[in-house]
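>>> fold the following for me, if possible:
(chains A, B, C and D)
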There are 2 protein chains.
Amino acid sequence: MPYTEKQERLARYAKALSHPARLFILEFLESQSCCFVGNIVDELPMAQSTVSQHLKELKDAGLIQGSIEPPRVRYCVNRENWEEAKALFQGFFREAEIIANH
Amino acid sequence: MPYTEKQERLARYAKALSHPARLFILEFLESQSCCFVGNIVDELPMAQSTVSQHLKELKDAGLIQGSIEPPRVRYCVNRENWEEAKALFQGFFREAEIIANH
DNA sequence: CCCTCCCATCGTACATTTGCGATAAACTAT
DNA sequence: ATAGTTTATCGCAAATGTACGATGGGAGGG
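Sure, this is the predicted structure:
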């Protein structure tokens, strides 16, 4: 592995955040503190299948989690990984600042 | 435009950070406070042309800038855009925290 | 001039991402 | 059973990303 574990994880989170639709979904999820897939589909200008795919990528990245509530699926932010992502980004920018101020 | 300006800009920065090699380059640039392309190529397990391509993407995203010092090229972090990226990421995670704590 | 050094760019190949419509799968309700 | 609702998955097309070797171009030194 030529890169550090932190670099790999941060890159993975950054990739999950690299599409405006996924940023929208995450912000929407926070503003509602969990919601159903249908609510998200109604807010986005794309097909249901495409939204589902973005949800899958966010889930694979660990940033959200889904729970089945028939006949619907409720998605929430995964707090644990969200905090990890936040810490990784903070560390990335803060370290740089410390170095820059020397 | 279905997305906000902030979402578009944040997504763009996130995409620039979505590859471990580019994270490495940015961290390396900070630790040296500017350096030459050759120094970066020596540190990465990829061809010079590939490194150059990653540098171009970071430059296009506005996170770094290059200056010619014959026969070499010196790259530095673009402080202004770096601070903007930092603020956007901070805002993204902080807003979420405020909402979540309600 | 020509040669060398350093880096960018080109052309290529392959993998991944993004988007859609269509279909399947899971569960309710009738 | 059947039909309806909701979401995931499949198959496809187009675009983008990642990597390489080879080539090009600028600046300086012989």
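>>> contacts, neighbours, all on C-alpha from now
Will do.
>>> quick one: the helices in chain A?
For chain A, the helices defined by DSSP state H cover A:5-16, A:20-32, A:37-43, A:48-60, A:79-100.
>>> flag every buried residue along stretch A:27-39.
A:Glu27, A:Phe28, A:Leu29, A:Glu30, A:Ser33, A:Cys34, A:Cys35, A:Phe36, A:Val37 (16 or more other CA atoms under 10 Å in any protein chain shown).
>>> mind putting these into TSV with distance to A:Asp60?
Shown next, in TSV, are those (distance: CA to CA, whole Å):
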residue	distance to A:Asp60
A:Glu27	18
A:Phe28	18
A:Leu29	16
A:Glu30	18
A:Ser33	20
A:Cys34	17
A:Cys35	18
A:Phe36	18
A:Val37	16
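>>> out of the residues you listed, which comes closest to B:Ala14?
Of all the buried residues of stretch A:27-39, A:Glu27 has the smallest distance to B:Ala14: 15.2 Å, by CA to CA.
>>> per-residue confidence for that closest one?
If you check A:Glu27, the pLDDT there is 97.
>>> confidence-wise, which helix or strand of chain A is lowest on average?
Ranking every helix and strand in chain A by mean pLDDT, DSSP states H and E puts helix A:79-100 at the bottom, with a mean of 88.
>>> list the residues that contact the residue most central in space within chain A.
By CA atoms, centre = their mean, chain A has its centre lying nearest to A:Leu63, at 4.1 Å. A:Leu63 makes contact with A:Val77, A:Asn78, A:Arg79, A:Asn81, A:Trp82, according to CA atoms under 8 Å, 6 or more residues apart in numbering or on different chains.
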